[in-house]
Structures are given as structure tokens and as C-alpha cells.
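K.L.:
Return atomic coordinates for the entry below.
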Amino acid sequence: MPAGWRPSTRMRQHWPARSGPRGEGSLHGDGCAVSVIGGTRTSLVFSVSPRTTLQSQFLLGEGGKSKEAEIKRINKELANIRSKFKGDKALDGYSKKKYVCKLLFIFLLGHDIDFGHMEAVNLLSSNRYTEKQIGYLFISVLVNSNSELIRLINNAIKNDLASRNPTFMGLALHCIANVGSREMAEAFAGEIPKILVAGDTMDSVKQSAALCLLRLYRTSPDLVPMGDWTSRVVHLLNDQHLGVVTAATSLITTLAQKNPEEFKTSVSLAVSRLSRIVTSASTDLQDYTYYFVPAPWLSVKLLRLLQCYPPPEDPAVRGRLTECLETILNKAQEPPKSKKVQHSNAKNAVLFETISLIIHHDSEPNLLVRACNQLGQFLQHRETNLRYLALESMCTLASSEFSHEAVKTHIETVINALKTERDVSVRQRAVDLLYAMCDRSNAQQIVAEMLSYLETADYSIREEIVLKVAILAEKYAVDYTWYVDTILNLIRIAGDYVSEEVWYRVIQIVINRDDVQGYAAKTVFEALQAPACHENLVKVGGYILGEFGNLIAGDPRSSPLIQFHLLHSKFHLCSVPTRALLLSTYIKFVNLFPEVKTTIQDVLRSDSQLKNADVELQQRAVEYLRLSTVASTDILATVLEEMPPFPERQSSILAKLKKKKGPDTATGLEEAKRERSAAVNGGPEPAPASAASTPSPSADLLGLGAAPPAPAGPPPSSGGLLVDVFSDSPSAVAPLAPGSEDNFARFVCKNNGVLFENQLLQIGLKSEFRQNLGRMFIFYGNKTSTQFLTFTPTLICSDDLQMNLSLQTKPVDPTVDGGAQVQQVVNIECVSDFTEAPILNIQFRYGGTFQNVSVKLPITLNKFFQPTEMASQDFFQRWKQLSNPQQEVQNIFKAKHPMDTEITKAKIIGFGSALLEEVDPNPANFVGAGIIHTKTTQIGCLLRLEPNLQAQMYRLTLRTSKETVSQRLCELLSEQF
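P.N.:
Numbering: from 1, shown residues only. Sure thing, here's the model as predicted:
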């Protein structure tokens, strides 16, 4: 490295990144290697090939003609350097720097270096930049984080940080970031924030300090203290130097992901800075304009920061952000200002991050539709990466109720991409998008296209396509004969990729639906007549014919004997589990068709069965033969009766798809979309059968070996003298989490949002209520990169609450992967009016530590409100009827929030009652009416809210036919104003 060479700030900030779905990184044109630290590019060292002229001049001279000559020359040089270091004569700074630099170069050639470390440390105390630079570079590359020299290095770094020399401070901060050891974090995590927010720190040092702190926070987050500096670092977003803003944005984004409350003030500042960038001309930010795109990397980072938070609540900030997003979308439609790929890459990077923010907020229908149309233009772009990114983003857009229909308009383009696209990763994204945009209106078309593509699909994605086809066919089956045909066709096309969960599911649905049993028996019988049948088709055929073969036995073409011979012709080609299933089918035939009893007994009596080498097959043959011989007709009919319907539970196919796709794709948004599609496109879906009750591969059709069903609740305690001190599920319920009451109050007038969030866990809710019934989806998000183990959410109700409120929950997976989200469904029924709220207790293990969190679940009496419209005369007539003192509750209270008329109206409507306009003689008052629905009764309710703007007071009056209802509703509504 030439002495005194330093990369320019401009080069570090503006060098482009390669964009695309698979990797990033680049090299400077001058051969300078680039690394990305915290999203900011920093030039490190010259990347010199081991076979360049520089190397031969520096080390090998004329003798470096071969590998052996190179090793010989290097060993000679190492011996010379070692002798210089051990010599009596003290080396001057230049010589020491030269020899340390040679050692570093030899190490980069791939040779081990076991000396020279102390000399490098000594260079740190030099006052010459070039000597100090080589010392820090050697330490960054060669010194292990556990080295005994760390203390000496730390002392030298402290001296440089205290020197206030910006050049030396920059070298020290770079070294801390490169080594990033826990010892360095302990030594400097408290000092670096002070440097970052100090008023006299130079801009270049601020950039280095921000990225250095980011590095330490990523490696040792527990050692970086949160304090007064956190509020001051946010204001770096207003710094005049865009390099400082870029580095600070990377730091704030990472900190905000873990501590959103501490950095929520960054939202308005980020919107302000983004607005200035978007509306500026390229000449205004000339130093930070990259191919006519102003500050693209800073724009992307600001948009990512905004994705850490929900849409801004301040109307002014929200309006300004909307203007920014619209401007970016408008600029994307403008003709390109340059034909070079760097221009389009930078422009599209900002555009795609903008679309990600629009999707994240999911609150502006106009922006969502515009984003969808913009992505639609990329679906046929000649650039493969753009097609890939467009398909990926549209998958997420399809889960929004505002943009789902707009996404569906591109179905033909996506199908064409599935057929013609050459890149397998793009084809896979096309499959994902078809799956996401599917609903009742286009399910048959999409399933047919997926089946057609499956015949030529890449082997790596066939199993995933099979799972998606099976899910869509079940989810949107209006006619279950179509479902049966689809699954059998699926087995025919890709039988090797049809997992057990898929054919288990077919059997569950056929058994649970009487209207499809005869058709299923006829269809599988015809399918089995093919010369070559996949073994999974034999399994399905054996199970269904064993249960419902009698429904087609009246046709001479499918008589009992023909059914038996057809199945038995496949017997010798199948594996042991399938043969065991067929033996169970044969004994079922003995009960269904007495005329084939002798034929079946002969098969069971044969040596190939009674003396089979497999103990399972031998035991079944012996037991079934004995059963058919000694049991009377009535006993046979009882033992071999038709399988009962499976319990209603969640499909195991969906769980398998989530597991296969990984934690990042099975999101709450996608599940919410599935529920929405069910409601919008054809009413409620048929309830899925139990995954827990699926038959085993050697399905025991007799039911003799079936295990008892698992209990719905937690297992009872063993209750003895021994105490399970190693239990992963302590029974103690934690007190309510801080802020639980405030969050609970916010949900009184709304149904969706984030109920609880800390550094580890986020709990989101999405609920719907109709009359006395409700359904709540609880989303548990793991915000860390570490698994949650023994994850157990439990609903706790008092005895009184259990009598008045019925709650049914579905269990969740006890393991939650890092970054994943799991969903739990709670079915709710209001039996009678109630005042308490259930407690949601979550217990799990994170990193070996037991975690215990409790929050109040916002299920309140007003959720069962049904609004009632009334004319003025009817309202006051009913008001007078409810004039008993026990029926009225009144509360006069001070306003806690600004007395805004529109917000007040929204809260009354959100509370559940109808807002009656022009009923009260005083137009400033608010009047509402509704009915509380419970299982036992219906309770009419009238309310009147009288605001006093001068005194900043409210008077709330509620009249119902039941005193306890009036009291509870008054308490709940008073807290909202």
C-alpha cells in the first residue's frame, strides 16, 4: 500500500452496489476492494493478485519463477525480518513500518505469520500517520480478539480517541469496528456515543463513530448502553453533511428495531429529510447525486427506517410522507435521464424500497394500487432481476385487501412467465404469486396452470408446488368432486413429491363429507386400473375402497371381487407400510362383501403372509385371518364399522408448507389474506379436519391400535412427593407487563394492531365480531435470531368470567424460529354480560432463560355491540322508557386528549354503536344507539356524550336495561376521551 494513501470520502459514499435478488458487492475500477459495514461502503486495502509485477518487485525479485522459489524467497525474507526485530540495534519507525507491512503482505499471500505483533502494537504510539496506519491495519487483519495484546491495543486506541486528532480518531474507530471483540465493546461502548454526539466532532469522525457503534451493537448489544445520547443521535438526521446522515441512519435503523419507543421521534425527521431529497434537483445534491439520482443510498436507508414503525399518527407528517411516496412513483414513470445501467439500478433501488414501505403501511389504497401497476410494468422487463423483484413484491401486495384485485389483473402475465421464463428462481416467484393471488374466483384456472407446469417443473420446487396445489384445491373447492380429481391428478403427475400429509388430507375430507364418498370411490377405482400406478395412489385407493367400496359394488364393472383383484394386483409392487394398509382393506372387505370372504382368507392363509419376514405383515395376516374365522357377523360389523369423521382441526398441509418455506414467508399478513379471501369470495370455508388424527402409513383401519386423543389443555400435574425442578413450564403467572393497561384501552375502539412489544416478542391482534360471536387472530412474532423453545400461550379467566365468556383456542407450535411469526386463533362466545378481561400469559425459553409475559386480552363487552339506527322521535321515546335510576349511569370527566369532533365520532363508531346524526337538539352533542348481544339475552343501549370545549370536560350518559351493562360501558367509553 503506498504510504499515506487514503480513500476519499466521496468514493466511499458513492460507489454503486450491485442490486438483485442474489448477492451484492463490487470492486472499484482501480482495483480497490470494497467492504460493506452497516450499509456504508468503506475502502480497505489494495487487492493485489499474488502473481503481479508488484509482488515480484516487492518480495521475489528475479527468483519468483515457481511456487517452490516463492516459498524459498518468503522464508528467507521472514528470517531476515525476524533477525531485524531481534537485533540489538533499535529500528527506527520507518524500518519497523516497512517490515510490518511486509509481514502483512506475506500473510495476505496465504502464509502463516507468528511474530511481529508487538512491533505492530508499538507502531500505534507513533505520531506519524503512515506508521500508525500500518500498525492498525496489521492489528485489524492478524490480531485475534482473544490475544493477550488486546489491553495494550486498547490503551493505544484510548490515547488516539482522546487526542482529538480526527485522522488518528478515524484510524482507532476503524480498528475497533474491524476487530469488534467483546473486550473492545466493554472498553469503548460507553465512549463512542459521546464522540458521536459531541458538538465539536468533525463530520468524518462522526461517520466512523456511527458505524463503529453499529458494529459493536451487532456483536454485543448488551454492552451498548441506552442513555441520553439516544435522543441526541436522532437529530443527526438533520445534519448538514449527508455522509453523517447516511451513517447515522444505518445506526438508528438497527437500534429502532430493538428499541422502537426510544427512537420513534426519528420518524418525523426521516420524513423531513426524505422529502428534501425527493423534491431536490440533482444539482442541489451534486456531491451525492449518482447518475442523476439524488442520494439513492440515503433514500433507501431512510425508507427502511420508516418500515420499523407504523404510519405516522400526525396528519401533517403522514401527508408529507404520502407526497414523498407519490413523487417517487411519479419519477419512476418519467423517461430515464441516462441509458447507463447504473442510473436504472439506483432509480429502481429507491422505487422498490418505496413500494416495500407502502406495503408495510398497508393503509393507502391509492398508493397500493399504483405500486401494483408499477410492478406490473416490470413483469415483462428484459432485465431478469427486475422481473424477480416485481414478482416478489407483488406476492406481498396480494395479501392486502386494497390491492388484491389489482394484483389479479396480471394473472395472464404471471402464467406466461411460469411457462416461458428461463430462470428457475423467477419461475418459483411466479408460483408464489399465483398462490398468493388465488381466491374463489380464479382457483380452478390457477390450479390447472400449476398442474400443467408441474409436469416440467424443476425437481427442487416440485414438493412445494404440490403442497400449494393441495392447499388451494381444498381451500377454494366449491365442488369437492373437483378437489378429488385434482389431488388424484397431482399424485399421477408428481407422486414422488406428494407427502404423507397430502394423501392423509384427502382421506380426512372424503370421510368427513358424505356427498363425495361415492364419487371418490368410483374415481380411485378407475385410476387404479392404469398399468402403472404410483404407490401413493394405491394407498388412497386402498383406504377409500376399504371404507366406501360398497357404494360402487352394484356396478358389475366394479364388483367386490373385481375391486379385490385390482388392489391385490398392486400388492407385490408396494412397500411394507402400503402392504399393511392393503391387508387392513382386505379385512374391511370381509365385512362389506361376505361373498369374497373365502378368497381373502386364502390370501391371508398363504405362506407369503403367515410366514412373512416382516413382523408387522405377519401379525396382521394372523390376526385378520383369525378374526374373519371366529367372529360372528355382528362382531365383525362392530369391529370393522366405518371410520367416524375426524375432529375439526387445522390442516397439516399448511403447517408443512410454512415449515418448508421458512420463517420469513409464513407471515400474519398472508394468513389474514387467506381469511379475508374466504369471506369475500364465497363465505366461510369448510372446517379442516384434524392433523392430529391422521392415519399412520400403515393405517390401522380397525382402530385397535389408535392412541387416545391428546387433551386440549395442559397435562395434569402428577401430584406426588417429587417436585419437577427441571420443568420448562413454571406454573407461576407473571404480573401484567408494563403498559399493558394502556394498550388494552387503545383496543376498546379498534380490533387490529400491536398489543405488546419488547426486545424479544411482538404480539399483534386481528379480530372480528358479529352479534354474540367473535374470532381473534393472535400473531406471535419472534424479533430475535434465536429460537423460542417450549412456547406456550395460555388464556386465564376467573371463575366468573368463564361462566359469562366462552373461549376456545387452537394450540401453537412450541418452537418459534428466529424472525418467524406464528398464529393462534381464539373463538369467542359471549354467554352473558361481563366486566373482567381474560389474561394472556406467554411462557417460553430464549437462550436458556425462562421468559414469562402477561397482558390483558382486549375482549370487552362493547365488542358485542350491534349498531342500531333510530329516528329522533324513536330515540327520545326509548330514552324516556329507560328512566329508572338503576338503568342510567352518568360520568363527568376531564378530557385527556384534544377535543376533535371527527376523532370523537370515529371513537363512538369504533366503540360499536351507531352514531345518530341530527337527533340531539344541541348539534355539538353526540348520540348513539345499539344492542349488546349475548347468548342469553339482548340489551338495548343508548348513549349521549356532551362536550364542553371551554372547560375541556365531557358528560357521558348511558342508559340500558341492565345496570351492570350501563356501568361497564360507561367505564370503557370514558377512558377513550
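K.L.:
List the buried residues for stretch 880-897?
P.N.:
For stretch 880-897, the buried set under the neighbour-count rule, 16 or more other C-beta atoms under 10 Å, comprises 882, 887, 888, 889. For every residue, glycine as well, the C-beta is placed using N, CA and C.
K.L.:
got it, and stretch 843-859?
P.N.:
Going by 16+ other C-beta under 10 Å, stretch 843-859 has these buried residues: 843, 844, 845, 846, 851, 853, 854, 855, 856, 857, 858, 859.
K.L.:
now the residues you listed as JSON lines including secondary structure?
P.N.:
Shown next, in JSON lines, are those (DSSP: H, G, I helix; E, B strand; the rest coil):
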{"residue": "843", "secondary structure": "strand"}
{"residue": "844", "secondary structure": "strand"}
{"residue": "845", "secondary structure": "strand"}
{"residue": "846", "secondary structure": "strand"}
{"residue": "851", "secondary structure": "strand"}
{"residue": "853", "secondary structure": "strand"}
{"residue": "854", "secondary structure": "strand"}
{"residue": "855", "secondary structure": "strand"}
{"residue": "856", "secondary structure": "strand"}
{"residue": "857", "secondary structure": "coil"}
{"residue": "858", "secondary structure": "coil"}
{"residue": "859", "secondary structure": "coil"}
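K.L.:
ok so, going back, so which of the buried residues of stretch 880-897 belong to helices?
P.N.:
Among the buried residues of stretch 880-897, no member falls in helices (criterion: DSSP state H).
K.L.:
of these, closest to residue 459?
P.N.:
Relative to residue 459, the closest of those is residue 889; by C-beta to C-beta it sits at 68.6 Å.
K.L.:
Look up how far residue 972 lies from that closest one.
P.N.:
11 Å (C-beta to C-beta, to the nearest Å).
K.L.:
With residue 743 instead?
P.N.:
Here the criterion is C-beta to C-beta. By it, residue 743 lies 14 Å from residue 972.
K.L.:
Pull stretch 273-290 out as PDB, backbone CA atoms only.
P.N.:
Provided in PDB are the C-alpha atoms of stretch 273-290 (Å, rounded to 0.1, in the frame of the first residue of the first chain):
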ATOM      1  CA  ARG A 273     -35.000  14.500   5.200                       C
ATOM      2  CA  LEU A 274     -36.600  12.200   2.600                       C
ATOM      3  CA  SER A 275     -38.800  15.000   1.400                       C
ATOM      4  CA  ARG A 276     -35.900  17.300   0.900                       C
ATOM      5  CA  ILE A 277     -34.000  14.600  -1.100                       C
ATOM      6  CA  VAL A 278     -37.000  13.700  -3.200                       C
ATOM      7  CA  THR A 279     -38.000  17.200  -4.100                       C
ATOM      8  CA  SER A 280     -34.500  18.500  -4.700                       C
ATOM      9  CA  ALA A 281     -32.900  18.800  -8.100                       C
ATOM     10  CA  SER A 282     -29.900  16.700  -9.000                       C
ATOM     11  CA  THR A 283     -27.700  19.900  -8.900                       C
ATOM     12  CA  ASP A 284     -28.700  20.600  -5.300                       C
ATOM     13  CA  LEU A 285     -27.100  17.400  -4.100                       C
ATOM     14  CA  GLN A 286     -24.300  17.400  -6.700                       C
ATOM     15  CA  ASP A 287     -21.800  15.700  -4.400                       C
ATOM     16  CA  TYR A 288     -24.300  12.900  -3.500                       C
ATOM     17  CA  THR A 289     -26.000  12.500  -6.900                       C
ATOM     18  CA  TYR A 290     -25.300   9.200  -8.500                       C
END
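K.L.:
what does that stretch contact?
P.N.:
10, 13-14, 16, 237-238, 242, 245, 292-299, 302-303, 306, 320-321, 323-324, 327-328, 331, 342, 346 (C-beta atoms under 8 Å, 6 or more residues apart in numbering).
K.L.:
How about stretch 341-351?
P.N.:
Here stretch 341-351 has contacts from 16-19, 290-293, 296, 299-300, 303, 328-329, 331-332, 336-337, 374, 383, 386, 389, using C-beta under 8 Å, 6+ apart.
K.L.:
What of stretch 448-459?
P.N.:
Here stretch 448-459 has contacts from 415, 418-419, 424, 427, 431, 434, 462, 465-466, 468-469, 472, 486, 489-490, 493-494, using C-beta under 8 Å, 6+ apart.
K.L.:
Give me the subset of those residues lying in helices.
P.N.:
Reading helices off the contacts of stretch 448-459 with DSSP H, I get 415, 418-419, 424, 427, 431, 434, 462, 465-466, 468-469, 472, 486, 489-490, 493-494.
K.L.:
Not counting residues beside it along the chain, what's closest to residue 792?
P.N.:
Nearest non-adjacent residue to residue 792, counting by C-beta to C-beta, 6 or more residues apart in numbering: residue 843, 5.0 Å away.
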